[in-house]
Every structure is written in structure tokens, then in C-alpha cells.
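Undergrad: When you get a sec, could you give me coordinates for this:
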Amino acid sequence: GDEPVQLTSYPISVGNYAINKNTLMFSADMLTTCETMQCTADNDKKIEERGSNTYQEYTKLMVRHWDFWYKQGYNSHPFYQKLKLSEDKTKIELDGEPVDMLSTQQKNSPPIENGPEQFSISNNEKFIAFSVHEDDEKMSYNTKWDIYVYNVEKKRIQILTGDLPGRCQNPKFNDDDTKIAFLCMDRAGLESDALHIELFDLTTNEFIKAGSTEEFLPTINDFRWIDSKENIFLYSVITEGHTKLIKYEYSKTESPYTELTNDDYGYGLPVIVSDTKYIMLLSMWTSPNCIGLSEYNEEAKLFKTTILYDPNEETKLKYDFTEGESFKFAGGNGETAFNLCYNDYG
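TA: Alright, predicted model coming up:
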């Protein structure tokens, strides 16, 4: 019930926070010729002092990304900051200085318009993983992201995905910090290709299985470890216009997938209350996000969901909504698996 207390007072803006125990992680836009935040802040001040005489010199793409201008010479860098309790044990304080894990390098982490889902701190706080996009002459058309792991004790960085052709993202350590999982696309040059999971063993420094997108598994939206020892994951997958939850037992050679939901809700990754109860964010064709409770139904062998809280409940009473309808049709090359959903407002 205490009032919030300001923790940091860095000379430049920071964002994209992630925390695990006594390690705080965030990103900040750094001038890549600078080794310190203050150096970047001093350069920012010089630009500000020019007043209305503003300009930006570009010698390479990209210049603009969607709705904002890219600032050449600056890159989003991942930092970690150690935390500690004050001597009187009443508040949290910073412990030492923040560490730029990509100091002076022309790389972006998180990649442009991404956030803390691209960061992961191991439970023993010895390793930090993050996705990286190179800022070079190929940046505007090179869609490759790599997964880096930083060793906090040795101050050493390792690239895990240099030999993989497609974009890799969303790294997550398992509970005992022996493995790291992340999502990858099969092919180079794409941004929206299907995502599959890759699993890297940090004890042997090898991939456990070089995965590829399997035809019967839809693209993975996101994932979470459930049981690290058995390599069991919970997926949020997109299939035929719906977002479902699927349990994936990586070590199984037969029937590794178990469908947990099969309805018209769109699911985000849940907070797991127990093996049979999840609290989760969900959406519908006629409603934006709500908070729901999903409980396992033994008869249906699926999780059934009830809405706990709908912030738009009163607002929606003012409008008439028509439920969406799903249908399939033959597309290119005679494909018939394509599914559309629509609302008929006519």
C-alpha cells in the first residue's frame, strides 16, 4: 500500500522493462559512438540547442518505418541493471551502473516496434537473452533477427542463431536455466512467415532439435514453458481465423499436440492458476479484450471459458452486433483450407 518511489534517474529515456529477482532489464536509444548514457545525453542536448534549425542526415535506409522517422546513428540497446535492498531493508535501490550489452554496436534490441517480449532473464540471473536486428545497409530489406545470450558473470555474448536462415524472436529460458526456447521462421527475407519453435541446450551448447514448421501445426503466436523437465509448452496459435491454445510435449514422438480450446474466442497466453484453471485475456468478434476464467471440462476434454470482467459491457449495450460467420472456398492452386470470418452489418 505504499506510494511508488522513483527508482532510476538516467540521463536519457528508457523503456521496455523486464525484471527477474534482482535484475532489471530495459532498452534505451544510444548514440553508437558513445559508451555511456551521458555521452548520448550530451549529443541530444547539442541537437536540441540547434532550435528550429533541425535536420537529419541519412546515408542508408531505413529512413522511415510506418509512422515514425528512424534516427540514424542511434540504436535501441538492451541494458541490465542490478538491484538491491537499502540498508534499512525498506526500499529497492540500484546496485552499480547499468550495463549496455551491445555497447557501440550498430544493432537494435528490441528490433523496431517490438518490446520486452524480446527479452528474457534466466532465473539464476547469470544469463540474459534478447533478439537483435542488424542496423546496416541491408536493414530495410533484411528481416533476419538473431537470438543473443549474454553471460553476466563473464561479460561475454553468444549468438545462437547465426546458422538459421529465418527471423528468430521471443526467447524464453526454462525453469532450471538449462535450455532456451524461441520462435523462428523457416526462410530468409520474410516478416510474416509461419513460426516454429527451436530449443537450445545451454549445457551442451547445441540445438536439441532443428525444428521446422510442420504442416499440421498452425503458426505459433506465442508460447510459454509449462514443464521444463518434460519440455512441455503452451502455445497460442493462429488457425483459420481463430486463436487457440495448444499444449505441445516436445519429447513425444507421437501425438505431441493437445488442443485445449476450440471456440470462437481469441486467446492470449494465460496466467496458470492450476493444471485445470487458467486466467486469461480473450477477445471475441463482437468485443475487444476481456478477462476470462478457463476451466478444464472432463466431458469435452477442453477448457471452457467464462468472462470474469468485460470493461466494455455497458458500452456494447448501445449497439447491435451481428455474430461473424466462417466459410471456406477454393483459392489458388485449388487450396480449400483458407478460412474467412466476417460480420454482416448490411
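Undergrad: for the stretch 201-346 of the chain, which spans come out with low pLDDT?
TA: Scanning the stretch 201-346 of the chain for pLDDT under 70 picks out 210-218, 336-346.
Undergrad: again, only using 90
TA: 208-222, 226-244, 246-259, 262-275, 280, 282-288, 316, 319-346 (pLDDT under 90).
Undergrad: Check the stretch 1-150 of the chain too.
TA: Scanning the stretch 1-150 of the chain for pLDDT under 90 picks out 1-6, 47, 50-57, 59-72, 89-91, 112-113, 136-142.
Undergrad: Tell me which stretches of it form helices.
TA: Counting by DSSP state H, counting those that start in this stretch, the stretch 1-150 of the chain has these helices, from start to end: 37-49.
Undergrad: any idea where the strands of it begin and end?
TA: All strands of the stretch 1-150 of the chain, identified by DSSP state E, counting those that start in this stretch, fall at 15-20, 23-31, 64-65, 68-69, 74-85, 92-100, 107-108, 119-121, 127-134, 146-151.
Undergrad: Check the stretch 201-346 of the chain too.
TA: Assigned by DSSP E, counting those that start in this stretch, the stretch 201-346 of the chain shows strands spanning 206-209, 219-227, 232-239, 242-249, 257-259, 266-267, 271-274, 277-284, 287-297, 302-309, 325-328, 339-342.
Undergrad: of all those strands, which lies closest to Trp66?
TA: Of all the strands of the stretch 201-346 of the chain, strand 219-227 sits nearest to Trp66, with 20.7 Å by C-beta to C-beta. C-beta here means a position set from N, CA and C on the backbone, and glycine is covered the same way.
Undergrad: quick one: contacts for Asp264?
TA: Listed by C-beta atoms under 8 Å, 6 or more residues apart in numbering, the contact set of Asp264 reads 242, 284-285, 324.
Undergrad: about what we covered before: okay, the strands of the stretch 201-346 of the chain in CSV with distance to Gly15 next?
TA: Shown next, in CSV, are the strands of the stretch 201-346 of the chain (distance: least, C-beta to C-beta, whole Å):
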stretch, distance to Gly15
strand 206-209, 32
strand 219-227, 20
strand 232-239, 24
strand 242-249, 27
strand 257-259, 36
strand 266-267, 27
strand 271-274, 24
strand 277-284, 22
strand 287-297, 22
strand 302-309, 28
strand 325-328, 39
strand 339-342, 35
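Undergrad: Glu198: which of those is closest?
TA: Taking the strands of the stretch 201-346 of the chain one by one with C-beta to C-beta, strand 206-209 is closest: 6.5 Å.
Undergrad: Flag every buried residue along that closest one.
TA: Residues of strand 206-209 include none that count as buried (16 or more other C-beta atoms under 10 Å).
Undergrad: What is that strand packed up against?
TA: Judged by 3 or more C-beta pairs under 8 Å, 6 or more residues apart in numbering; DSSP states H and E, strand 206-209 is in contact with strand 195-201.
Undergrad: Residues in contact with the strand it packs on: which ones?
TA: With contact meaning C-beta under 8 Å, 6+ apart, strand 195-201 is reached by 160-161, 164, 168-169, 178-186, 206-214, 217, 219-221, 223, 231, 233, 248, 250.
Undergrad: Also compute the angle for it relative to strand 219-227, please.
TA: 30 degrees (axes from the mean of the first three to the mean of the last three C-alpha atoms, to 10 degrees).
Undergrad: And strand 195-201, how far out from the chain middle?
TA: Here the centre of strand 195-201 is set off from its chain's centre by 14 Å, with C-alpha atoms, centre = their mean, to the nearest Å.
Undergrad: buried ones in that strand?
TA: Going by neighbour count (16+ other C-beta under 10 Å), the buried part of strand 195-201 is 195-200.
Undergrad: measure stretch 39-58 end to end?
TA: 21 Å (C-alpha to C-alpha, to the nearest Å).
Undergrad: residues contacting the residue nearest in space to the middle of the chain?
TA: The centre of the chain sits closest to Glu117, judged by C-alpha atoms, centre = their mean, with a distance of 2.6 Å. Listed by C-beta under 8 Å, 6+ apart, the contact set of Glu117 reads 110, 169-170, 222.
Undergrad: quick one: it from Phe321, how far?
TA: Look at Glu117 and Phe321: by C-beta to C-beta, to the nearest Å, they are 31 Å apart.
Undergrad: okay, now the nearest residue to Ile112 once chain neighbours are set aside: neighbour count?
TA: The shortest distance from Ile112 to any non-neighbouring residue, by C-beta to C-beta, 6 or more residues apart in numbering, is to His65 (5.4 Å). As a burial measure, His65 scores 13 neighbours (other C-beta atoms under 10 Å).
Undergrad: What's opposite His65 in the beta bridge?
TA: Phe68 (DSSP bridges).
Undergrad: Isn't it up against Asn108?
TA: No: using C-beta atoms under 8 Å, His65 is not in contact with Asn108, being 10.7 Å away.
Undergrad: thinking again about what came up before, output the contacts of Glu117 as JSON lines; include the columns distance to Ser52 and neighbour count.
TA: JSON lines is the format used below for the contacts of Glu117 (distance: C-beta to C-beta, whole Å; neighbours: other C-beta atoms under 10 Å):
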{"residue": "Pro110", "distance to Ser52": "32", "neighbour count": "23"}
{"residue": "Gln169", "distance to Ser52": "40", "neighbour count": "23"}
{"residue": "Asn170", "distance to Ser52": "42", "neighbour count": "23"}
{"residue": "Asp222", "distance to Ser52": "44", "neighbour count": "17"}
